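Engineer: Mind folding the following:
(one chain, ligands or ions: 1)
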Amino acid sequence: MTKILDGKQVAAMLREELYQEIAALKEQGTEPQLAVLLVGEDPASLAYAMFLEKVSKNAGVLFILHRLSNQASELDIKLKIEDLNSDAKVHGILLMMPLPPHVNKQRVMEVVSPLKDVDGLHPFNRGHLISGGVCLQPATPMSCLEIMKRSGISLSGKHMVIVGRGETVGKPLVFMALAENATVSVCHSRTADLAFFTKQADIVIAAVGKPGLITAEMVKPGAVVVDAGISELNGQITGDVDFERVKEVAGAITPVPGGVGSLTTVLMLKNLVKGIRLQQQVQEEEESFPCP
Ligand code: NAP
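Structural biologist: Sure, this is the predicted structure:
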């Protein structure tokens, strides 16, 4: 029988761990603080920030929303980030996207201190992700892996076919899956015969944003299918996978909603905790070996 990989159940497990980690930090006298920087008035970003505030409060994280107007220059934004970087009480910085069109996203993102980069997007973190170093990893590819691992699905030796090579999900996932000893193939919009690849996969990850892209005929019987895609179709949130039909063929499958997306916020807050530990390590090293 097909196993439905329940993101909400896995998220509850992760939340329990997170609450314990935060309680331990508070016992040591550290109050985790997440700074969220919103530039402009994008309603979806504002709604997400409000949601994040609620989740953070429930977890015992101090959430502070910093807002700049849509007219803020790139320099204004960089200076605000510098302020947050140098504030020792701020442990994590989340830069809400999209930024206004006159702002270069990459240049601004690179100003965020890598150890406060809860989104795991800074080139420092991306570099360590590739080389296998300690770093903050992006939440959505982490969700794809956690939902399988916490459901008892091992990646080692499996052929994982990732559909989508986007910077947020597909590309970082390649390196994260390699670190788990999966054999990885990556497909994208120029892949000549997508089904040829997906049919060979023990694990299919869909990270595209096209409803119905992955059909039952494209999936090997018994394969694991993880759907990271998010689109709105007829007013409903939907993934990339034709869930109803693919679930008749797959061995395990994530729903949308209620799958990968359920884990991302808690994993981002776990990044905040990891960042605090890394910041503490750096501080200890600096105290042990002060610069002459
Ligand atoms: P992205 O940067 O837009 O990348 C989409 C990828 O899909 C590209 O690599 C593109 O190929 C590929 N693609 C497009 N059409 C295709 C086709 N017909 N066949 C095969 N590949 C195709 O997207 P992203 O930011 O990585 O996000 C991927 C999906 O995850 C989106 O639906 C996004 O909404 C969702 N997402 C979910 C969460 C969550 O919490 N669950 C979080 C973040 C993102 P090319 O490179 O050739 O253009």
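
Engineer: residues near the residue in the stretch 101-250 of the chain positioned nearest to the ligand, how many?
Structural biologist: Ranking the residues of the stretch 101-250 of the chain by distance to the ligand (Cβ to the nearest ligand atom) places residue 166 first, at 2.1 Å. Just so you know, the C-beta spots here come from the backbone N, C-alpha and C atoms, and that holds for glycine as well. Each residue near residue 166 was counted by other Cβ atoms under 10 Å, and the total is 15.

Engineer: Now it: closest residue in space that isn't a chain neighbour?
Structural biologist: residue 207 (6.2 Å; Cβ to Cβ, 6 or more residues apart in numbering).

Engineer: hang on, isn't that neighbour packed against residue 229?
Structural biologist: Yes. Counting by Cβ atoms under 8 Å, residue 207 touches residue 229, with 6.4 Å between them.

Engineer: what is in contact with the two at once?
Structural biologist: 164, 240 (Cβ atoms under 8 Å, 6 or more residues apart in numbering).

Engineer: Might you report the residue contacts of the nearest residue to residue 109 once chain neighbours are set aside?
Structural biologist: Leaving aside its chain neighbours, residue 109 sits nearest to residue 121 (5.7 Å; criterion: Cβ to Cβ, 6+ apart). Counting by Cβ under 8 Å, 6+ apart, residue 121 touches 109, 138, 167.

Engineer: what about the last one, which SS state?
Structural biologist: What it means is residue 167. Look at residue 167: counting by DSSP: H, G, I helix; E, B strand; the rest coil, its state is coil.

Engineer: what secondary structure does the residue nearest to it when sequence neighbours are not counted sit in?
Structural biologist: Counting by Cβ to Cβ, 6+ apart, residue 167 lies nearest to residue 121, which is 7.8 Å off, once chain neighbours are set aside. Counting by three-state DSSP, the backbone at residue 121 sits in coil.

Engineer: now residue 121: how far from residue 111?
Structural biologist: In this view, residue 121 and residue 111 are 12 Å apart by Cβ to Cβ, to the nearest Å.

Engineer: partner residues bridging residue 34?
Structural biologist: Judged by DSSP bridges, the bridge partners of residue 34 are residue 63, residue 92.

Engineer: For it, give me its contacts.
Structural biologist: 52, 56, 61-64, 90-94, 118, 269, 272.

Engineer: what do you get if the cut-off is 7 Å, keeping everything else the same?
Structural biologist: 56, 61, 63, 92, 94, 118, 272 (Cβ atoms under 7 Å, 6 or more residues apart in numbering).
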